[in-house]
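**Q** just to be clear, the model below is a prediction. Sequence and coordinates:
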Amino acid sequence: MTDAPGPAALAPLREDWQTALAVVAHPDDLEFGAAAAVARWTGQGKRVVYCMVTSGEAGIDGMEPLQAREVREAEQIESARVVGVDEVDFLRLPDGILEYGVPLRRAIARVVREHRPEIVITGNFRETFGNGVLNQADHIAVGRATLDAVRDAGNRWVFGEDGVEPWGGVRQVWASGSPDARHAVDTTDTFDLGVASLRAHAAYIDGLGWADFDAAMFLAGMSEPTGARLGVDHASPFEVFALGWGDD
């Protein structure tokens with residue numbers, strides 16, 4: 001009897017770009033896996049911009065939403081600073097009840113046009129995280145809308161009334177933490193920065209009520225298996241969506 005094959009090897013992400021825009025639903029979404037990759041890229045001199053579609057105001061059960069918005073925006077700004085990001089946009093759409101559709105596409109397309117990235121990063125928008133854990137509705141809505149908004153942003157006849165010049169220069173969209181990831185980036189040298197970035201969300205993590213939560217242990221539980229598939233100690237996985245034919 002032969003052993004079952006292990007997980008397939010992952011291909012390295014391209015790094016021949018200079019500007020990326022990360023669009024996610026909530027403060028903390030990037031820190032649960034992608035922040036160490038961002039630290040790698042900013043360390044290379046690349047520009048990375050964050051866009052939070054909501055401010056996570058419904059994410060702390062024991063804190064009233066207006067107060068939570070203020071706290072979570074401040075935590076996200078500090079978390080971004082830790083990994084070398086100094087541009088953070090907050091769209092302030094309602095947390096917990098985002099819906100995929102034209103209004104969400106319009107909001108994201110405008111941000112793409114304003115920042116003119118070559119790469120757009122979003123979060124996992126598959127139904128699960130690949131381990132039987134159900135994904136959250138806001139994540140699914142934002143990821144799907146981001147894919148479409150990138151194409152919208154390049155079409156001057158879509159949302160042209162917004163008065164922002166179109167941008168069709170996005171080459172790929174990357175979904176962090178997707179269970180269908182076939183690519184990854186080595187985060188061995190920036191793993192500790194990713195941990196520090198997650199720890200900056202102290203009020204949110206405390207509000208979750210996770211007893212004895214260890215950010216380093218949690219992140220290593222994902223980055224080490226991914227790293228093994230890339231041939232390194234730590235790595236972050238991404239599902240890649242090409243915007244042009246033959247551009248993988």
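**A** Okay, I see it. Numbers count the residues shown, from 1 in each chain.
**Q** just checking, what packs against the longest strand belonging to the chain?
**A** Secondary structure assigned by DSSP state E gives strand 235-242 as the longest strand of the chain. Counting by 3 or more C-beta pairs under 8 Å, 6 or more residues apart in numbering; DSSP states H and E, the packing neighbours recorded for strand 235-242 are helix 35-43, strand 172-176, strand 183-186, helix 215-230. Just so you know, the C-beta spots here come from the backbone N, C-alpha and C atoms, and that holds for glycine as well.
**Q** tell me which of those sits nearest to Asp16.
**A** Nearest to Asp16 among the helices and strands packed on strand 235-242 is strand 172-176 (10.9 Å), distances taken as C-beta to C-beta.
**Q** so which bits of that closest one are buried?
**A** Across strand 172-176, burial judged by 16 or more other C-beta atoms under 10 Å covers Gln172, Val173, Trp174, Ala175, Ser176.
**Q** let me have those in CSV, extended by pLDDT and distance to Glu99.
**A** CSV is the format used below for the buried residues of strand 172-176 (pLDDT from 0 to 100; distance: C-beta to C-beta, whole Å):
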residue, pLDDT, distance to Glu99
Gln172, 97, 26
Val173, 98, 20
Trp174, 98, 23
Ala175, 98, 19
Ser176, 98, 22
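**Q** tell me the one of those residues nearest Val82?
**A** So of the buried residues of strand 172-176, ranked by how close each gets to Val82 (C-beta to C-beta), first place is Ser176, at 17.1 Å.
**Q** spit out the contact partners of the closest one.
**A** For Ser176, the contact set (C-beta atoms under 8 Å, 6 or more residues apart in numbering) comprises Leu30, Gly33, Ala34, Ala37, Ile121, Thr122, Gly123, Asn124, Ser236, Pro237, Phe238.
**Q** where does confidence bottom out across those residues?
**A** When the contacts of Ser176 are compared by pLDDT, Gly33 scores lowest at 89.
**Q** which stretches in the chain count as helices?
**A** 35-43, 65-82, 102-115, 137-153, 191-199, 202-208, 215-230 (DSSP state H).
**Q** before we move on, the earlier item: want to throw the buried residues of strand 172-176 into a markdown table with distance to Val158?
**A** Formatted as a markdown table, the buried residues of strand 172-176 follow (distance: C-beta to C-beta, whole Å):
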| residue | distance to Val158 |
| --- | --- |
| Gln172 | 20 |
| Val173 | 17 |
| Trp174 | 23 |
| Ala175 | 22 |
| Ser176 | 26 |
